[in-house]
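Colleague: Next one to model:
(one chain, ligands or ions: 1)
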Amino acid sequence: MSKQRVLTGITTTGTPHLGNYVGAIKPAIEASRDDNVDSFFFLADYHALIKCHQPELVRQSTKEIAATWLALGLDTDKSTFYRQSDVPEITELSWILTCMTAKGLMNRAHAYKAAVQTNEEEGEDPDFGITMGLFSYPVLMAADILAFNGEKIPVGKDQIQHVEMARDIAQRFNHHFGELFVLPEAQVDDDVAVLSGLDGRKMSKSYNNTIPLFLTEKQLQKHINKIKTNLLEPGDPKDPDDSTVFEIWNAFANKEQVQYMREQFAAGIAWGQAKKELFALINEELSEARERYNALMENADFIEQELQKGAVKARSYATPLLEKVRDAVGISAIKK
Ligand code: TRP
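Modeller: Numbers count the residues shown, from 1 in each chain. A predicted model of the protein is given here:
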């Protein structure tokens, strides 16, 4: 039986936080241990340029995200872990696909439509601040996927549309030039937790409400102390299902620990105490990985080596495929 190819990208803006860990990184690394899957994980640094024009932030985020995945135990022999910009076949394919993609399809992309809508609401020109990068972003994402014939694409709900667009684009290419691409499918796991952030909204770098994954112990406790709670006093029974503290506890706890904390809430545990226990739980899960992370952040050469190893593996698939793609569209050596 051939292995199923699972592929996903991580945009290199921002520092990994607990929401990323629980909702994406941890399940991805666990799934990659399955012998029936062939995992491709990459740092989407060309995607970062869409939103971020600060080179030092892109560089720092790329390093942090790479160190995070390695510190959390990603096996880079079993899976393929690479940086998008080290695989020039992706950007090459992106242009070829751009020429096969209807502009009307891109007009319907959520991210672009949301930007236009914001402009209209603010009385700006509809195109204000919108780059071709933002507009064409689903094509680059299609190239990310199709350059490796990724089959299952684990993504958050906001990215389903993009995977469907990749599928449309692949279909159109195949129909016109021959069957070179596998049609990808989004894989959305409803069981993984979507964490709330400090203010109770979804934890997200765009809301500035995150708890970074690898803080010092002191900083971690400080962040946890900032999680918004209601004004109930110690001794007052509290509703666990209406509490960010409990929600995060739930994402890290085993069954017995979940039950234990439910009982504590019913018995009126003080917020300060609940937060202390939450710190201890998270800290226990992350402390070894944190040490590895700190060591890796001091060892740039090792991170770079791992990424180069990944790029070689990734290109061993993409290079021959791109050769076929180029040939199919009429770009090849002069023939008789
Ligand atoms: N756009 C995705 C996000 O913002 C990241 C990404 C880039 C991606 N290329 C991809 C995800 C290819 C899956 C497959 O989350």
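
Colleague: hang on, W249 packs against L281?
Modeller: Yes: W249 is within contact range of L281, at 6.5 Å (criterion: CB atoms under 8 Å). C-beta: built from backbone N, CA, C; applies to glycine.

Colleague: which of the two has more neighbours?
Modeller: More crowded of W249 and L281, by other CB atoms under 10 Å: W249, with 24 against 18.

Colleague: Who are the packing partners of the one helix or strand that one maps to?
Modeller: If you go by DSSP states H and E, W249 is part of helix 244-252. Here helix 244-252 is seen to pack against helix 255-266, helix 271-297 when contacts are counted using 3 or more CB pairs under 8 Å, 6 or more residues apart in numbering; DSSP states H and E.

Colleague: of the ones you listed, which approaches Q221 most closely?
Modeller: Counting by CB to CB, Q221 lies closest to helix 271-297 out of these; the figure is 4.7 Å.

Colleague: Tell me what angle the closest one forms with helix 255-266.
Modeller: Using axes from the mean of the first three to the mean of the last three CA atoms, to 10 degrees, the direction of helix 271-297 lies 140 degrees away from that of helix 255-266.

Colleague: Heading C-terminal from helix 271-297, find the next helix or strand.
Modeller: By DSSP H and E, the next helix or strand past helix 271-297 is helix 300-329.

Colleague: tilt between that next one and helix 271-297?
Modeller: 80 degrees.

Colleague: re earlier: who touches both of W249 and L281?
Modeller: Contact with both W249 and L281 is made by residues Q257, according to CB atoms under 8 Å, 6 or more residues apart in numbering.

Colleague: So which residues on the stretch 151-300 of the chain come close to the ligand?
Modeller: Contact residues, the stretch 151-300 of the chain versus the ligand (CB under 6 Å from any ligand atom): I153, V155, Q159.

Colleague: which among those residues gets closest to L213?
Modeller: Nearest to L213 out of those is V155 (CB to CB; 19.8 Å).

Colleague: ok, that closest one touching V163?
Modeller: Yes: counting by CB under 8 Å, V155 does reach V163; the two are 6.1 Å apart.

Colleague: which one of the two has more residues nearby?
Modeller: More neighbours surround V163 than the other of V155 and V163, with 24 against 19 (other CB under 10 Å).

Colleague: picking up where we left off before, so which of the residues of the stretch 151-300 of the chain next to the ligand sit within strands?
Modeller: Among these, the members falling in strands (DSSP state E) are I153.

Colleague: Rebuild the residues of the stretch 151-300 of the chain next to the ligand as TSV, extending it with distance to A266.
Modeller: Shown next, in TSV, are these (distance: CB to CB, whole Å):
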residue	distance to A266
I153	41
V155	37
Q159	38
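
Colleague: State the helix or strand in which whichever residue of the chain sits closest to the ligand lies.
Modeller: In the chain, the residue that lies nearest the ligand is G9 (3.0 Å; CB to the nearest ligand atom). In the assignment (DSSP H and E), G9 maps to strand 4-11.
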